[in-house]
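> 3D, please:
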Amino acid sequence: MLIKLMSRLFASADGAVAVTTAIVLPILLGFSALGIEVGHWYLVQRQMQGAADAAAISAAAQYLQDQVAGNSTSTAYQNSGQYYANHNGFSIPLANTCLVTLSGDNCSAVRALDARPIQCSGPPCIVVEITQDPLQWLTTKAQLEPTASGMGVRPIPAARLAARSIVSIKLDLASNTPIGNSCILTLANARNAIQVRGGGDIHANCGLLIDGGRDQNARTPNINSNPLCTDGTTPPCGGLTLSGANALVHITNLTVAASTAGPSESSCPDPTRCFLYNPATTVLPASAIFTSVATPDPFAGRIFTKPAGQVVTGIALVPGKGGSGYTKGTRTFTVVGGSGPAAKFTAIVSGGAVTGTPVLVDPGQYATLPPATVSVIADDGKGAGAQFTLTFATCLPSAKFPGVPVPGRAYCSINLSVGAKASVNFPTGIYYIEGGETGVCVGLCLGAGTYTSDVAGVTFVLTNAANGTTYAQYAISGNNSLNFTAPPHNINADGSACSENCANTTFGMIIFQDRNAPNTTALDSGGTATSSNPAAGSTLNTMAGCGNNTSCRTLSGSLYLPNQTANFSGDGQVNGTCFGIVAKYLDDAGTPIFQNGCLPGTTGGSGGTGSVTGGTFKLAQ
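Here you go, the predicted model:
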């Protein structure tokens, strides 16, 4: 009987439709629910983007308003971003509105939510991030989709929704009279803070600034250590001294913290030897001289950290331990063991074994040293068994300087001053020079040759070895060509991008000298070191001109020597999109020409931070 009933059921068309409907209906409903829910997600995504755009634009307007009002450190823009996101239906924390500047950003919370790169080509930029988790919506929880087998349904899995808006801001800065950004700032508490001697003539299409010790950072001596200026007057001190009847200046303006621009018998105003840059025959007018105006050190808050550990200074093959299976030819090997960037070298492979003398190409930078005898990995991953012994030191001697410089390493010196050199390009990054080779080259020494940097920029940090007393300096001869660019943003020592909390804030700097570098003696008007003459310090960092070759000095960035002297000799023009010098003293015995000055926080004739008068902003992403 049961068999007959089942047969009749399967034979019935009505029964087949019922069964099919029962099976297919949940699947159809699941697909319908999925389509409806995904459509809902797209709709919400568009609403989120609109809200993010509105929040970012409103936050940018608030940021610009604060800058115009002089509230440069205000974070009210975050409140504006949060308010307008909420006003448009999306609640976000304050940290979801962040600011990107040339020096870094506070966008770590945004990156934690959304790993996409923040594209800010023209800082400052305001960034707003809105995220939503559809799994928390009641609609998503109530919707189902077909299972993989198609025989059932399950809750719809939902991707996290994210909308980001970036607004780029262009600030309008107040223009000062005379027009032109400053390029030279000296910090010395002495009337000879800037000294031009012999037949020297500074041609500066920018301002000369002398702080006189009033606003130096805490690590450098201030005026309280000396109750009187070196010429017996009351501080603040500092002025421009012209030593010798042939010493001249052609400048756009002079700003000093002292009440006068210097002794009248040797400093501006001097109608016979102080002229405007343009027209060069016009005497520097009183309107271009600013007194009792301090200029704080714009780099006082900058920091760098010395690289930890030691570098490899020598490597040798253990006799009879050339290994086997290596590919014939000159191979590159990486040292195994220790912690920190690993050393690399090249060696010749013959008969499957390492046979040639190793040549160091990267000294590494070890926080923890590898064992005395190390193994290596070949660049193609083949071979094994070769063993080498290493020697270490705190910095790499100039004789071991690699053909291709490696950023992030500790060099005793970078000595390219002996004989003619081929072109040397410095890859992007920070080069630490520790001054460990007295009598050879105490620092960065560039002789004949052509020296360039990657367009993303380099910084040479002149410091000393751990517990050392010799600090690095620079010495650049006149028979070479330089084209160096400073990093426009903070970078890590190896040149990689650093978004925030960088260990080095060297952006905008070509040279950053340690603030603890000594400056203990002085020069007389002829350039001879003395112990009593209050002229420019004899701890000179020297740069010679290169005559009529107007393109041999292209320096886009700043030189920072807060406790030593920047010395110029010979003729030549210093080009670059942006150039500046901050030094304790400036000593000139040549006829340098400085163009395109742009020391941060200084404008011609103001001696202080330029004000923001307005600006514009636009959606950038």
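> where do the helices sit along the protein?
2-11, 13-68, 76-87, 108-113, 138-142 (DSSP state H).
> those helices: lowest mean pLDDT?
Among these, helix 138-142 has the lowest mean pLDDT, at a mean of 52.
> just the mean pLDDT for stretch 251-270, thanks.
Computed over stretch 251-270, the average pLDDT equals 69.
> likewise stretch 375-390?
94.
> change the start of the numbering to 23 and stick with it
Yep, numbering from 23; the last one is stretch 397-412 now.
> run the chain-centre distance for it.
Put simply, stretch 397-412 sits 36 Å off its chain's centre (Cα atoms, centre = their mean, to the nearest Å).
> excluding its backbone neighbours, what's nearest T485?
Leaving aside its chain neighbours, T485 sits nearest to D536 (4.2 Å; criterion: Cβ to Cβ, 6 or more residues apart in numbering). For every residue, glycine as well, the C-beta is placed using N, CA and C.
> could you measure from the one you found over to S420?
19 Å (Cβ to Cβ, to the nearest Å).
> E456 too?
11 Å.
> compare those two (neighbour count), which wins?
A direct count of neighbours by other Cβ atoms under 10 Å for E456 and S420 places E456 higher, at 27 against 20.
> coming back round to it: mind listing the shared neighbours of E456 and S420?
Taking Cβ atoms under 8 Å, 6 or more residues apart in numbering as the criterion, E456 and S420 both touch 433-434.
> now do V396 against G594, distance only.
48 Å.
> how about stretch 105-113, which residues are buried there?
Buried residues in stretch 105-113, counted by 16 or more other Cβ atoms under 10 Å: 106-107, 110, 112.
> and which of the residues you listed is nearest S265?
Y106 (61.6 Å; Cβ to Cβ).
> for the closest one, what are its contacts?
73, 76-77, 80-81.
> and the residues you listed, which two are the farthest apart?
A73 and A81 (12.3 Å).
> I399 and R353, how far apart?
10 Å.
> no no, V604
Distance from V604 to R353, by Cβ to Cβ: 46 Å.
> and the two? Which one has more around it.
When V604 and R353 are compared for neighbours, V604 comes out ahead with 27 against 21, by other Cβ under 10 Å.
> my read: F326 touches C524, true?
No - using Cβ atoms under 8 Å, F326 is not in contact with C524, being 9.7 Å away.
> now A525. Nearest residue, chain neighbours left out?
Spatial nearest neighbour of A525, excluding adjacent residues (Cβ to Cβ, 6+ apart): T327 at 4.5 Å.
> tell me how many other residues surround that neighbour.
So T327, with other Cβ under 10 Å, has 13 neighbours.
> same deal with G637?
18.
> the stretch 523-643 of the chain: strands as residue ranges?
In the stretch 523-643 of the chain, the strands defined using DSSP state E, counting those that start in this stretch lie at 531-535, 544-545, 551-552, 562-566, 575-591, 593-596, 601-610, 613-616, 634-641.
> give me the low-pLDDT residue ranges for the stretch 73-222 of the chain?
Scanning the stretch 73-222 of the chain for pLDDT under 70 picks out 92, 124-125, 143-144, 158-181, 195-203.
> strands of that one, residue ranges please.
119-123, 126-127, 147-154, 166-168, 175-177, 183-195, 204-208, 216-219.
> turn those into a markdown table, columns for mean neighbour count and distance to S578.
Listed next are those as a markdown table, based on neighbours: other Cβ atoms under 10 Å; distance: least, Cβ to Cβ, whole Å:
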| stretch | mean neighbour count | distance to S578 |
| --- | --- | --- |
| strand 119-123 | 24 | 19 |
| strand 126-127 | 20 | 20 |
| strand 147-154 | 26 | 22 |
| strand 166-168 | 18 | 57 |
| strand 175-177 | 14 | 58 |
| strand 183-195 | 19 | 20 |
| strand 204-208 | 28 | 12 |
| strand 216-219 | 28 | 23 |
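> which one of those lies nearest to T474?
strand 204-208 (22.1 Å).
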